[in-house]
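# predicted model and sequence below, questions to follow.
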There are 4 protein chains.
Amino acid sequence: MTSVDLNSDLGEGFGNWSLGDDEALLGVVTSANVACGYHAGDASTMRRVVDQAVENGVAIGAQVAYNDLAGFGRRFIDIDPRELTDDIVYQIGALDGFARAAGSKVAYVKPHGALYNAIVHHEEQADAVIAAVMHYDRGLPVLGLPGSAWLRKAEMAGLTTVYEAFADRAYTPQGTLVSRREPGSVLHDSEEIARRCVAMAHGEPITDVEGNSLTLEPDSICVHGDTQGAVEIAQAVHGALKGAGVTVAPFAET
Amino acid sequence: MTSVDLNSDLGEGFGNWSLGDDEALLGVVTSANVACGYHAGDASTMRRVVDQAVENGVAIGAQVAYNDLAGFGRRFIDIDPRELTDDIVYQIGALDGFARAAGSKVAYVKPHGALYNAIVHHEEQADAVIAAVMHYDRGLPVLGLPGSAWLRKAEMAGLTTVYEAFADRAYTPQGTLVSRREPGSVLHDSEEIARRCVAMAHGEPITDVEGNSLTLEPDSICVHGDTQGAVEIAQAVHGALKGAGVTVAPFAET
Amino acid sequence: MTSVDLNSDLGEGFGNWSLGDDEALLGVVTSANVACGYHAGDASTMRRVVDQAVENGVAIGAQVAYNDLAGFGRRFIDIDPRELTDDIVYQIGALDGFARAAGSKVAYVKPHGALYNAIVHHEEQADAVIAAVMHYDRGLPVLGLPGSAWLRKAEMAGLTTVYEAFADRAYTPQGTLVSRREPGSVLHDSEEIARRCVAMAHGEPITDVEGNSLTLEPDSICVHGDTQGAVEIAQAVHGALKGAGVTVAPFAET
Amino acid sequence: MTSVDLNSDLGEGFGNWSLGDDEALLGVVTSANVACGYHAGDASTMRRVVDQAVENGVAIGAQVAYNDLAGFGRRFIDIDPRELTDDIVYQIGALDGFARAAGSKVAYVKPHGALYNAIVHHEEQADAVIAAVMHYDRGLPVLGLPGSAWLRKAEMAGLTTVYEAFADRAYTPQGTLVSRREPGSVLHDSEEIARRCVAMAHGEPITDVEGNSLTLEPDSICVHGDTQGAVEIAQAVHGALKGAGVTVAPFAET
């Protein structure tokens, strides 16, 4: 039976500030990429998201980032790789504290924002994040972009890699994302988004930005939680997948 | 055979700034209270101290604090107890990440600075720190001041409590510390300090600030790492203890 | 002719997080208490709010706070008064940089959150904030609660004090605010709120929480920007004041 | 009569951590590049350095940096130029608050660390820093590396530019600094350093790293404050300059 995971970035508020509807999304997704305090996420937010994830059977992922609260982790930082490794271990450990307190554990690692983008190509930083996962727990799957240095090197290092596709993003013929600066890069029609997700889950082609067929076979589909109507889109995707006979389930143990 | 632990605050640098001689002290003490990033300590410093502690057989303690880098954790903060609990879990978890990466684990918890002082009397904050330890791992011993609300309540909650004395501080007849603002509150003569530590370890009385006998029976003696001549004093204490037939060993598993 | 100022807390987002509708409120209020980066407010947010305040003829106030982004400045911090003075000078100066770049200047100082509440009674911290204003510019008016140590001591020090009332808060017979924990402490009916503001502006009594008459004669009325319907309430107040022949104008030069 | 300025990075401690001997260097240099809280420097440190600079007739410069306390401003950050401009205005303003409280004003701007290096070539970030100075005060001189995009563009924008040389660094034949990673990049012999500074001040050639003559004509010579023996080197330079009849004086008004 066909199965796919739905992941979303959660716990991205900080202190008095909130972002997105964590509670609603935790009723829809099967994997929660939880911010660990470096780009977003304070201790109490982490605890709340983790506790509810455990209640809902949602897998807990460490959404690791550069140390950049002011920039929300969206600015490339030319950090020494050894220090980056340490920063990643710190974040996974901190999140795992809440998972442990809730009787669970961190189930996977997904880099955030500028770090996610950097390690598509930046080999030293990709190695640094991989080293952190290896130091912490070689059994932790890592989530990322198919074709990235990050996943390619993680595979070579013996880590379990999980391929991610984006529910609401347009793709180039090469299977990379159309830049957010381009018109049409982000899809907004929840029905269309849901249809594409069903196709991806079945291993069937979707239409790329040039109108041709493109086959993505993701293990996990990312739905966004911080955009307008995010919850509705996530629900539409979840509903369409189930309606098409696709099991929506975490790729990782919960 | 008589045994006592020597603990010290370590890893209290941050980024480009260092404080004390971590490396030297890790050759002397048996328990390292490692700063966890809230009052001091960045990820790379934590990793270095943890790695060397593991090499040296030094127990790794989480030196948990208020979220106050600018104030070095020395300012009382009237934080909501539920948020304090979360902040403590975060810190223990983050440190445990490095301990885990080094094949070890956090072995105990010791509050720092203003938090240490607050929970001598502040019942809600004492409860909050205890709740964090209970959530994280009920097996973790907690280190503190005999007679404090913190240790009294921790005992009632079933935690293992460890009594601490200070090598270089004058005591009142009631067994509390003479305020740092008083003359004579801090001892500087390494021979005298070492003699007092030997007496404490043997359960023999020391002289209080008024010249009378006072018996402290600490499980662990705190030597400071950030004062002038700190390493020499710690070495003198360690040497005198061994010379007097006292085993210097961690109270916690390493 | 009767005149009153309307002030509101603005620029309280941070980085990727926003809070309240700064732009809309800057079309309604006459004084903007701009967060200065310590409890909220990043440099770009400060610049945007300041630029629009200048365009709209709104006075720019430094909303100074404890150094506590995680706690949004709502936790009392037992900071050394000398350091508090320095922290306040830093914040006023930083905001004044943007005011200067926009051809204007900081026009007054209003403490935020836990600091606002602390210096109602905490004499050393009140003195510390006053010292900061004196060091920076003795001509700067200070905004606060009538009867507070803060305003009483500021007056004695020769500063211009501005009395503040709250549009949407219930008052005790003594003229202090009913605690937010009490039922009925916050008013939500925009018509009632507007009526009370008109009465205050005319020096007429309002009804206190026990149903008796209470006369407040504020120089400035605070409307909140971060609650549900805040903009509508602020607009209703502004409209009612104008309708009742009250001039709504800054107390400070803009 | 020949005159040159001596500048040094000062106020680079933070909270409980200190770095270098500010007090001693303020007795030697004529321009203080004061850290503004982004890479180092807290409010109280800024106040102390500014107050003593004013007492000693030392010019106060804003040592502006990326927002990166953990990395001490030594990591390139790919920040949006508009946000960088705002961050620079914030820092200049904050420092100017202390200068104003001390009866003085910020006299110049010098970027720090990774920002200093970035804007040698990074045109957008160079423009962003220049824009900040233009917004704040077009009369402020800017200090930097001759030949950098930063100074070239600042000149074109009409700002006063000040050329800097480094007392203790080896130079390439092109007049750029030998990378710190190369052997011999940093000089340690205080007599040799002093001799080179005298030559520079007189417009005479020094010896570059390949043994050839190189003429630098700096307006200001940077002496470091955070290295071993820094104060002694700075004093040797100052003494040698005076001994050679060179006036050591700020380039900016104090």
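Structure's in. What do you need?
# given the helix or strand containing residue A:164, what are its sheet partners and their directions?
Per DSSP states H and E, residue A:164 falls inside strand A:161-166. Sheet pairing for strand A:161-166, assigned by DSSP bridges, gives strand A:142-144 (parallel), strand A:220-222 (parallel).
# tell me what the helix or strand just after the last one is packed against?
Spelled out, it's strand A:220-222. On the C-terminal side of strand A:220-222, the closest following helix or strand by DSSP H and E is helix A:230-243. Applying 3 or more CB pairs under 8 Å, 6 or more residues apart in numbering or on different chains; DSSP states H and E, we find helix A:230-243 packed against strand A:3-10, helix A:22-25, helix A:190-202, strand A:247-248. For every residue, glycine as well, the C-beta is placed using N, CA and C.
# if you count neighbours, what's buried in helix A:230-243?
For helix A:230-243, a neighbour-count test (16 or more other CB atoms under 10 Å in any protein chain shown) marks A:230-231, A:233-238, A:240-241 as buried.
# got it, and stretch A:124-138?
Neighbour-count burial for stretch A:124-138, counted by 16+ other CB under 10 Å, picks out A:125-137.
# just the residues you listed: which are in helices?
Among the buried residues of stretch A:124-138, DSSP state H puts A:125-136 in helices.
# find the nearest non-adjacent residue to the residue of the stretch 101-250 of chain A found nearest chain C, please.
Nearest residue of the stretch 101-250 of chain A to chain C: residue A:226, at 8.6 Å (CB to the nearest CB). Nearest non-adjacent residue to residue A:226, counting by CB to CB, 6 or more residues apart in numbering or on different chains: residue A:20, 4.5 Å away.
# before we move on, the earlier item: want to throw the strands paired with strand A:161-166 into JSON lines with mean neighbour count, mean pLDDT and distance to residue D:151?
Output for the strands paired with strand A:161-166, formatted as JSON lines (neighbours: other CB atoms under 10 Å in any protein chain shown; pLDDT from 0 to 100; distance: least, CB to CB, whole Å):
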{"stretch": "strand A:142-144", "mean neighbour count": "25", "mean pLDDT": "97", "distance to residue D:151": "42"}
{"stretch": "strand A:220-222", "mean neighbour count": "26", "mean pLDDT": "98", "distance to residue D:151": "45"}
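# how about the ones you listed in CSV, adding distance to residue D:205?
Compiled in CSV, these are given as follows (distance: least, CB to CB, whole Å):
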stretch, distance to residue D:205
strand A:142-144, 55
strand A:220-222, 61
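# related to what we said a few turns ago, separation between the residue of the stretch 101-250 of chain A closest to chain C and residue C:201?
Taking CB to CB, to the nearest Å as the measure, residue A:226 and residue C:201 are separated by 41 Å.
# again with residue A:245
Taken as CB to CB, the span from residue A:245 to residue C:201 is 67 Å.
# so residue A:71 makes contact with residue C:15?
Yes - the criterion here is CB atoms under 8 Å, and residue A:71 meets it with residue C:15 at 6.4 Å.
# so between these two, which is more surrounded?
For residue A:71 versus residue C:15, neighbours defined as other CB atoms under 10 Å in any protein chain shown are more numerous around residue A:71 (24 against 21).
# who are the contact partners of the more buried one?
A:39, A:114, C:15, D:67, D:77, D:79, D:83 (CB atoms under 8 Å, 6 or more residues apart in numbering or on different chains).
# quick one: secondary structure of it?
coil (DSSP: H, G, I helix; E, B strand; the rest coil).
# and it, backbone torsions?
phi -100, psi 10 (degrees, to the nearest 10).
# what sits against residue A:113?
Counted by CB under 8 Å, 6+ apart, residue A:113 has contacts A:39, A:65-66, A:72-74.
# now do stretch A:166-183: distance to the chain's middle.
16 Å (CA atoms, centre = their mean, to the nearest Å).
# tell me how far residue A:234 lies from residue C:212.
Residue A:234 is 53 Å from residue C:212, by CB to CB.
# please apply the same query to residue A:6.
On the measure of CB to CB, residue A:6 and residue C:212 end up 58 Å apart.
# out of the two, which sits in the more crowded spot?
Comparing residue A:6 with residue C:212 by other CB under 10 Å, the one with more neighbours is residue A:6, at 24 against 9.
# in this structure the more buried one contacts residue A:29, no?
Yes - judged on CB under 8 Å, residue A:6 makes contact with residue A:29 at a distance of 4.5 Å.
# give me the common contacts of these two.
Residues touching both residue A:6 and residue A:29 by CB under 8 Å, 6+ apart: A:223, A:234, A:238.
# check contacts around residue A:23.
residue A:52.
# what about the closest residue to residue A:73 other than its chain neighbours, neighbour count?
Residue nearest to residue A:73 in three dimensions, not counting chain neighbours: residue A:39, with 2.7 Å by CB to CB, 6+ apart. As a burial measure, residue A:39 scores 29 neighbours (other CB under 10 Å).
# please apply the same query to the one 5 residues further on.
For residue A:44, the tally of surrounding residues (other CB under 10 Å) stands at 22.
# looks like residue A:94 contacts residue B:96 (just checking).
No - between residue A:94 and residue B:96 there is no contact under CB under 8 Å: 9.0 Å.
# wait, does the longest helix along chain A contact chain B?
Longest helix in chain A by number of residues, with DSSP H as the criterion: helix A:81-101. Yes - with CB under 8 Å from any CB of the partner chain as the criterion, chain B is reached by helix A:81-101 at A:82-83, A:86-87, A:89-98, A:100-101.
# these: which ones sit near chain D?
When contact is defined as CB under 8 Å from any CB, the residues of helix A:81-101 next to chain B meet chain D at residue A:83.
# which pair of the residues of helix A:81-101 next to chain B spans the longest distance?
Comparing all pairs in those by CB to CB, the longest separation belongs to A:82 and A:101, at 29.7 Å.
# more neighbours: which of the two?
Neighbour tally, residue A:82 and residue A:101, criterion other CB under 10 Å: the higher count belongs to residue A:101, 23 against 13.
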